[in-house]
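**Q** model the structure of this input:
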Amino acid sequence: MLDDFLDDMEQGGYLLSVNKDGSNLVVTDASGNQFIGSTMTDPNGNVLSLTSSWTTGCPTSCTHTYSYADPTLVAPMTETLTESSGLTTQDVHAWTDAAGNPQAFTITYSHYTQKTNFGCSTLVDVGPTTVAYPSSITTPEGNYTITYEPTGSAYPGDVTGRIAKVVFPSGAKIEYSYTGGSNGISCPYSLVPLLTRKLTDANGNVSSWKYDTTAVTNATVVTDPSGNDTVHTFSPGCCSNRTNY
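**A** Residues are numbered from 1 along each chain as shown. Here you go, the predicted model:
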C-alpha cells in the first residue's frame with residue numbers, strides 16, 4: 001500500500017523523503033519547492049509560512065485565523081474563517097498591497113438545503129442536507145453574486161448544488177441551464193445532456209453557448225453564438241480530439 005502511494009507521488013511529479021523513525025517528512029514538487037510542516041521553501045531559499053489560531057465558542061460559533069507570511073511582506077496576508085454550527089458563514093482574505101493600501105476578498109456563504117431529484121437507479125440522489133455555498137464575493141473591484149439551480153416544485157427552496165447564475169460587478173452575468181434526460185442528468189452516464197451557458201454583458205447584449213453530450217457518441221458538441229459547431233471526441237482511457245464545423 002505504501003509502495004502504491006509512493007508511486008502515485010512520483011507519477012504526480014512529487015518526491016517524498018522521511019527518516020526511518022518517521023521524522024523530518026519533506027515533500028518536494030516538480031518545481032523544486034519543498035514542503036515541511038506548515039512552511040514552503042522555494043528553490044531560491046525563500047520561505048513561506050502559515051500560522052493558525054482558533055477562537056473560543058466552537059462548535060456553535062468559531063473564528064479561525066490564518067497568517068501567510070513571506071520575507072518580503074511587512075504584514076502577512078491573513079485569512080479569517082467564520083463558522084456557525086459547523087458551517088462556514090464568511091471567509092475573509094486581507095493583505096496590504098505594494099502601495100501600502102489595505103485590500104481584501106470577502107467570501108460570504110449562505111446555507112441551503114441541497115436535494116437532487118434526478119430519479120436515476122444508477123445515481124444516488126443527494127440530501128436533503130444542509131450545506132454552505134458561496135453566495136457573494138466582495139473584491140477590490142466590486143461584488144460578485146452566485147445563485148444555484150432550484151431542485152424543482154416538488155422541493156421548494158431546495159437547490160441541486162449546480163450553479164445557475166453569476167453576476168459580475170459590472171452588471172454582466174453568466175447563466176447556466178441544465179436540460180434533457182432526467183431533470184437535467186443522463187442516468188446511464190451521469191452527464192448533463194444539454195448545458196446552455198448564456199452571457200449577458202453590461203450593455204444587455206446576449207450570447208449563448210450550448211454543450212450537447214447526446215448528439216455524437218463519446219463526444220460533446222459545442223455550439224457557439226454564431227452557430228458554429230465544435231465536436232470534442234473522447235477515447236476512454238486515452239485522449240480527446242477536436243473538430244470544427
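**Q** next, the contact list for residue 143, please.
**A** By Cβ atoms under 8 Å, 6 or more residues apart in numbering, residue 143 lies in contact with 136, 137, 169. For the C-beta atoms, the positions are set from N, CA and C on the backbone; glycine is no exception.
**Q** over to residue 94?
**A** By Cβ under 8 Å, 6+ apart, the neighbours of residue 94 are 77, 78, 79, 80, 102, 103, 104.
**Q** try it again with 7 Å
**A** Residue 94 is in contact with 77, 78, 102, 104, counting by Cβ atoms under 7 Å, 6 or more residues apart in numbering.
**Q** cool, residue 128 as well?
**A** 113, 114, 115, 158.
**Q** in strands, which of those residues appear?
**A** For those, membership in strands holds for 113, 114, with DSSP state E as the criterion.
**Q** quick one: find the helix or strand in the chain with the lowest mean pLDDT.
**A** helix 2-11 (a mean of 46; mean pLDDT, DSSP states H and E).
**Q** I'd like the next helix or strand past that one.
**A** The first helix or strand that comes after helix 2-11 along the chain, using DSSP states H and E, is strand 15-17.
**Q** and that next one, which strands flank it?
**A** The pairing partners recorded for strand 15-17 under DSSP bridges are strand 26-28 (antiparallel).
**Q** flag every buried residue along the strand it pairs with.
**A** Neighbour counts over strand 26-28 (16 or more other Cβ atoms under 10 Å) mark residue 28 as buried.
**Q** and the next helix or strand past it?
**A** strand 34-36.
**Q** who touches that following strand?
**A** 26, 27, 28, 40, 41.
**Q** check which helix or strand covers the closest residue to residue 230 other than its chain neighbours.
**A** Spatial nearest neighbour of residue 230, excluding adjacent residues (Cβ to Cβ, 6 or more residues apart in numbering): residue 222 at 4.6 Å. Assessed by DSSP H and E, residue 222 sits inside strand 219-223.
**Q** so, low pLDDT: which residues of the chain?
**A** Applying pLDDT under 70 to the chain flags residues 1-13, 18-24, 38, 50, 52-59, 70-75, 236-245.
**Q** one more time with 90
**A** 1-87, 95-102, 119-124, 127, 152-154, 181, 187-191, 217-219, 233-245 (pLDDT under 90).
**Q** number of residues surrounding residue 91?
**A** 18 (other Cβ atoms under 10 Å).
**Q** what about the closest residue to it other than its chain neighbours, distance to residue 61?
**A** The shortest distance from residue 91 to any non-neighbouring residue, by Cβ to Cβ, 6+ apart, is to residue 107 (4.4 Å). As judged by Cβ to Cβ, to the nearest Å, residue 107 and residue 61 stand 18 Å apart.
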